[in-house]
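**Q** I would like the atomic coordinates for the input below:
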Amino acid sequence: HHQSSSPSEQTKIIKTRGQLQVVPNHTIEDHPKLDILIIPGGDGRHHIMDDPLLHNWIKVQFDSSLQFLLSVCSGAFILGKAGLLDGLEVTTHHATFDEFEASFPSVKLIKDKKKRFVDSGQKIITSGGISAGIDMSLYLIEKLIGKEDTKKTTDEMEYKW
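**A** Presented below is the predicted three-dimensional model:
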């Protein structure tokens, strides 16, 4: 049995790209133990990238309960700002390669658009854009519960994997 949680600094509705609304069901103060944390990217990262409360919260999760910390798209910037990527191989959305390299010179950025996600081997996995995040998620499903369940998932999604 798997449970999903959407913690945020507040429980107010968050509007994302395309006006999709995310309703956090916990705050970063009262959420259940997390096994996997996914940090999204996109233009919204600019509003939270320099938030020390968020960086500290991510580091606390990383050092305590997390099995895996993932970023999608430019969410890697947030992990970089939190100081969690130094010395690791990572990727991000191709449109942000130059900005990422300039911002985090101690991180080994894989700038190959064909490399859709990168497993650092240190429980951190980063991906390029949105569909690369789907590939990264399927990779993690396969890693955690096997090829058979991943195949069932991709068949249900009608997703070529």
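
**Q** Ramachandran angles for Ile14?
**A** phi -110, psi 120 (degrees, to the nearest 10).

**Q** How about Thr153?
**A** phi -60, psi -50.

**Q** got a list of what the residue positioned nearest the centre of the chain touches?
**A** For the chain, the residue sitting closest to the mean C-alpha position, by C-alpha atoms, centre = their mean, is Ser71 at 1.9 Å. By C-beta atoms under 8 Å, 6 or more residues apart in numbering, the contact set of Ser71 is 38-41, 78-79, 90, 92, 124-127. Heads up, the C-betas are built off the backbone N, CA and C, glycines and all.

**Q** Make JSON lines from those residues and add secondary structure, distance to Leu66 and neighbour count to it.
**A** Shown next, in JSON lines, are those (DSSP: H, G, I helix; E, B strand; the rest coil; distance: C-beta to C-beta, whole Å; neighbours: other C-beta atoms under 10 Å):
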{"residue": "Ile38", "secondary structure": "strand", "distance to Leu66": "11", "neighbour count": "17"}
{"residue": "Ile39", "secondary structure": "strand", "distance to Leu66": "11", "neighbour count": "22"}
{"residue": "Pro40", "secondary structure": "coil", "distance to Leu66": "16", "neighbour count": "18"}
{"residue": "Gly41", "secondary structure": "coil", "distance to Leu66": "18", "neighbour count": "24"}
{"residue": "Ile78", "secondary structure": "helix", "distance to Leu66": "15", "neighbour count": "22"}
{"residue": "Leu79", "secondary structure": "helix", "distance to Leu66": "12", "neighbour count": "26"}
{"residue": "Val90", "secondary structure": "strand", "distance to Leu66": "16", "neighbour count": "24"}
{"residue": "Thr92", "secondary structure": "coil", "distance to Leu66": "20", "neighbour count": "32"}
{"residue": "Ile124", "secondary structure": "strand", "distance to Leu66": "9", "neighbour count": "21"}
{"residue": "Ile125", "secondary structure": "strand", "distance to Leu66": "12", "neighbour count": "25"}
{"residue": "Thr126", "secondary structure": "strand", "distance to Leu66": "14", "neighbour count": "31"}
{"residue": "Ser127", "secondary structure": "strand", "distance to Leu66": "17", "neighbour count": "29"}
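
**Q** of these, closest to Arg116?
**A** Ser127 (6.2 Å; C-beta to C-beta).

**Q** That closest one against Ser120, yeah?
**A** No - under the criterion of C-beta atoms under 8 Å, Ser127 makes no contact with Ser120, lying 11.8 Å away.
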